[in-house]
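J.: 3D model of this:
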Amino acid sequence: MTTCPDEPTAALAPSDEELFGTAAAEYASYRPGVPDAAVHLLAATLHGVPAPILLDLGTGTAQVPRALLPVVPRLAHVDLVDVNAGMLSQAMTALEPVLGACTASVFAGEAHTFVPHLPGRRPELVTCCRAFHWMDRPAVLAMAGRVAAPHAAVAIMGDGSLWTHDADWTVALRELIQTYLGPGRRAGSRGTYTTPGRSYEDDLATSAFSNVSEHRFPVARAWTPETVVGYLRSTSFARPGLFADRHEAFEAEARRLLAAYAHGGVLREDAVFTVLLARKPGTAS
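T.: Numbers count the residues shown, from 1 in each chain. Reported below is the predicted structural model:
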């Protein structure tokens with residue numbers, strides 16, 4: 001399986017507001033988490049490392065470290081990287097109850113410009129969940145090659161979105177969004193996206209982390225009309241600011257549409273969460 005981004009690679013660096021605006025609260029409330037099987041796969045990469053360091057790129061509201069900390073309580077430090085200051089604030093608030101003895105640092109900026117908070121302390125695991133498509137991917141992998149431990153694993157993860165999911169209700173919802181915002185998929189206030197030319201596998205194959213294994217985890221989700229509407233507020237393709245004064249009308253119409261498709265109030269999504277786990281050739285897997 002070839003894993004391509006489901007959203008555009010940014011031609012220019014996105015600012016804090018261009019992609020997700022001030023959607024940190026909705027992101028934290030409505031975005032699906034990381035499947036347990038994927039969390040345990042990540043945890044296994046740290047087997048035998050006494051005090052591992054995690055570098056989470058495009059951390060959003062810190063879904064990856066929040067899921068990993070209970071499974072790997074010996075994590076010593078987490079570096080959180082995001083361009084959105086609101087996301088980082090939300091991430092630290094969410095992490096605080098589960099950090100324990102682990103420390104955490106935030107880096108507000110583009111992922112490829114990351115500089116470790118503690119020089120000489122190299123991450124053993126670098127993760128990027130549902131965010132790699134927004135980044136300068138070759139530059140990010142080059143940065144990881146510089147800062148990560150020689151035996152580190154890089155995990156590129158994702159499962160598409162409700163825009164890309166192919167079900168009767170998601171198709172109808174996508175068409176409704178297009179009646180308000182035009183035929184192209186919006187990328188925040190930066191316009192629409194163009195089809196990416198390279199897969200994530202191609203990116204990894206030309207990087208230092210060219211030893212790649214793919215892991216696919218089927219996920220069944222149950223949405224309600226209200227949780228879908230909340231999710232949309234957190235996206236780059238349907239956040240409120242894109243609709244201007246028509247957002248209230250859009251949400252009302254979206255609720256009616258979703259209610260018509262729901263069975264017993266539930267909308268089903270069958271997704272596949274894919275993890276590309278990459279290492280430098282010759283290192284342990």
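J.: ok, the closest residue to residue 88 other than its chain neighbours - contacts?
T.: Leaving aside its chain neighbours, residue 88 sits nearest to residue 106 (4.6 Å; criterion: Cβ to Cβ, 6 or more residues apart in numbering). All C-beta atoms are positioned from the backbone trio N, CA, C, and that covers glycine. Going by Cβ atoms under 8 Å, 6 or more residues apart in numbering, residue 106 touches 79, 80, 81, 82, 88, 91, 92.
J.: rebuild the residues you listed as a markdown table, extending it with distance to residue 173, neighbour count and pLDDT.
T.: Formatted as a markdown table, the contacts of residue 106 follow (distance: Cβ to Cβ, whole Å; neighbours: other Cβ atoms under 10 Å; pLDDT from 0 to 100):
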| residue | distance to residue 173 | neighbour count | pLDDT |
| --- | --- | --- | --- |
| 79 | 36 | 25 | 97 |
| 80 | 31 | 25 | 97 |
| 81 | 31 | 26 | 97 |
| 82 | 27 | 28 | 95 |
| 88 | 30 | 22 | 93 |
| 91 | 28 | 27 | 93 |
| 92 | 33 | 17 | 94 |
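J.: from these, pick the one nearest residue 243.
T.: Proximity of these to residue 243 (Cβ to Cβ) peaks at residue 82, which lies at 24.5 Å.
J.: that closest one reaches residue 91, doesn't it?
T.: Yes - the criterion here is Cβ atoms under 8 Å, and residue 82 meets it with residue 91 at 7.3 Å.
J.: ok so, going back, show me the contacts of residue 106 that map onto strands.
T.: 79, 80, 81, 82 (DSSP state E).
J.: any idea what the last one is bridged to?
T.: Read that as residue 82. Note on residue 82: beta-bridge partners residue 108, judged by DSSP bridges.
J.: that one and residue 219, how far apart?
T.: Distance from residue 82 to residue 219, counting by Cβ to Cβ, to the nearest Å: 24 Å.
J.: let me know the pLDDT of the closest residue to residue 118 other than its chain neighbours.
T.: Leaving aside its sequence neighbours, residue 118 sits nearest to residue 77 (Cβ to Cβ, 6+ apart; 6.9 Å). pLDDT for residue 77: 96.
J.: which residues touch residue 77?
T.: Here residue 77 is in contact with 53, 54, 102, 103, 104, 105, 118, 121 (Cβ under 8 Å, 6+ apart).
J.: host element of the fifth one?
T.: Secondary structure assignment for residue 104, by DSSP states H and E: strand 103-108.
J.: list the buried residues for that strand?
T.: 104, 106, 107 (16 or more other Cβ atoms under 10 Å).
J.: and stretch 221-233, by the same measure?
T.: For stretch 221-233, using 16+ other Cβ under 10 Å, the buried residues are 223, 225, 227, 228, 229, 230, 231, 232, 233.
J.: ok, back up a step: show the pLDDT at the residue nearest to residue 88.
T.: 96.
J.: just to revisit the earlier point, shared neighbours, residue 82 and residue 91?
T.: 59, 60, 106.
J.: now do the helices in the stretch 51-200 of the chain.
T.: 63-68, 85-95, 137-147, 168-181, 200-205 (DSSP state H, counting those that start in this stretch).
J.: looking at those helices, which one is packed in the most?
T.: helix 63-68 (a mean of 24; mean count of other Cβ atoms under 10 Å).
J.: ok, residues contacting it?
T.: Under Cβ under 8 Å, 6+ apart, the answer for helix 63-68 is 31, 33-34, 39, 42-43, 54, 56, 59, 75, 78, 80, 94-95, 98, 104, 127, 129, 157.
J.: surely residue 38 and residue 273 touch.
T.: Yes - Residue 38 is within contact range of residue 273, at 5.6 Å (criterion: Cβ under 8 Å).
J.: what's across from the residue nearest to residue 79 when sequence neighbours are not counted in the sheet?
T.: Distance criterion Cβ to Cβ, 6+ apart; nearest residue to residue 79, sequence neighbours excluded, is residue 55 at 4.7 Å. When bridges are called by DSSP bridges, residue 55 pairs up with residue 79, residue 126.
J.: so what's residue 55 up against?
T.: 78, 79, 81, 114, 123, 125, 126, 127, 144, 147, 148 are the contacts of residue 55 under Cβ under 8 Å, 6+ apart.
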